[in-house]
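**Q** A structural model of the following input is requested.
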Amino acid sequence: MQSQLDRNGDFFLMQHSASEFESLVERHLTSLSDSLVHYLAQDYRDDTMVVFRDILPIELRHAMEAEARALLQAEACRRELIIEQSGGTPRAYSSVGRDAIRTNGTYIPAFFDSEAILSFLSHIIGEPIYRVPYKPEEFIINSQSRAGDTHGWHWDDYAFALVWVVDEPDVLSGGRVEFVPRIHWDKEDTRSHLQRTLASEQIRSVHVPAGSCYLLRAKDALHRISPLTKETRRTVIVFTYATTDELSDQTISHESMESIYPTDTNVASSLEAA
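**A** Modelled structure (predicted):
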């Protein structure tokens, strides 16, 4: 495994084989105390959301974050659209899709492919989880940078999102994780369901600092990233995981992903062929 990464203006070379990456991650995770792991599992059970600060050793954390910034600089596309499938809510950010990351990245794909990470997350959640079967949703990079940029209210297609925060604005500049746990997606009348939920339920609001990540049961939580209030930056890597049942669930559809990422989902090529 070899990556050329630009961090804080310094050009340097990081080298790890896939087996070295896995070995470092496994050794790090097994070093975490039982009390910490128990606390994280309990925190997830309480809110179906938990924030991690030490899921990677620091050298791999820096390498993965630097890789995300480099990919964003080289490959990002600006997305500004309204997603009807989530009730007409907005998306405004720059992003890098799965294919560009898989082709040009090393650490981000290695994180997603890691058996040690998968086992650790399954332990925290309390049930087996799996890599998502729909490749465009494996991992993406999103970055909000303009005042008003947001990832509007929505539900995810698959059960779990692990979101690694690479860059985060200060607590007064927006970009907070807002969510209502244990609320299912009513796809027959999404906008009315969304309005009723926001009017009647308590909205949780969390500021997740850079260098941390959070795990959310995102299929069963209405959630969004609040709009930035000024020009700043919130950059994240989003990893998606599935339950056992979702691996063979033919009712799961991907209209939102197809709208936001037409190239990665092959919608663009299909339209050109037609």
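**Q** all the helices of the stretch 151-274 of the chain, residue numbers only.
**A** Along the stretch 151-274 of the chain, counting by DSSP state H, counting those that start in this stretch, helices occupy 190-200, 255-260, 267-273.
**Q** what about the helices in the stretch 1-150 of the chain?
**A** Under DSSP H, counting those that start in this stretch, the stretch 1-150 of the chain gives helices at 18-30, 34-47, 58-75, 98-104, 107-113, 115-125.
**Q** and the end-to-end length of stretch 177-197?
**A** End-to-end distance of stretch 177-197: 17 Å, with CA to CA, to the nearest Å as the criterion.
**Q** okay but Y130 is in contact with A242, surely?
**A** Yes. If you go by CB atoms under 8 Å, Y130 and A242 touch, sitting 5.1 Å apart. No exception for glycine: its C-beta is placed from N, CA and C like everyone else's.
**Q** higher neighbour count, these two?
**A** Set Y130 next to A242 and count neighbours by other CB atoms under 10 Å: A242 wins out with 22 against 16.
**Q** who's in contact with that one?
**A** 129-133, 158-160 (CB atoms under 8 Å, 6 or more residues apart in numbering).
**Q** narrow those residues to those that are buried.
**A** Buried by 16 or more other CB atoms under 10 Å: 129-132, 158-160, out of those.
**Q** could I get those as CSV with distance to S200 and pLDDT?
**A** Putting the buried ones among the contacts of A242 into CSV (distance: CB to CB, whole Å; pLDDT from 0 to 100) gives the following:
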residue, distance to S200, pLDDT
I129, 30, 96
Y130, 34, 97
R131, 35, 97
V132, 31, 97
Y158, 26, 98
A159, 24, 97
F160, 26, 98
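**Q** strands - which of those land there?
**A** Within these, residues falling in strands by DSSP state E are 130-131, 160.
**Q** tabulate those in JSON lines, adding columns for distance to F112.
**A** JSON lines is the format used below for those (distance: CB to CB, whole Å):
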{"residue": "Y130", "distance to F112": "12"}
{"residue": "R131", "distance to F112": "7"}
{"residue": "F160", "distance to F112": "12"}
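**Q** and the strands in the stretch 151-274 of the chain?
**A** 160-167, 177-181, 204-206, 213-217, 221-225, 234-242 (DSSP state E, counting those that start in this stretch).
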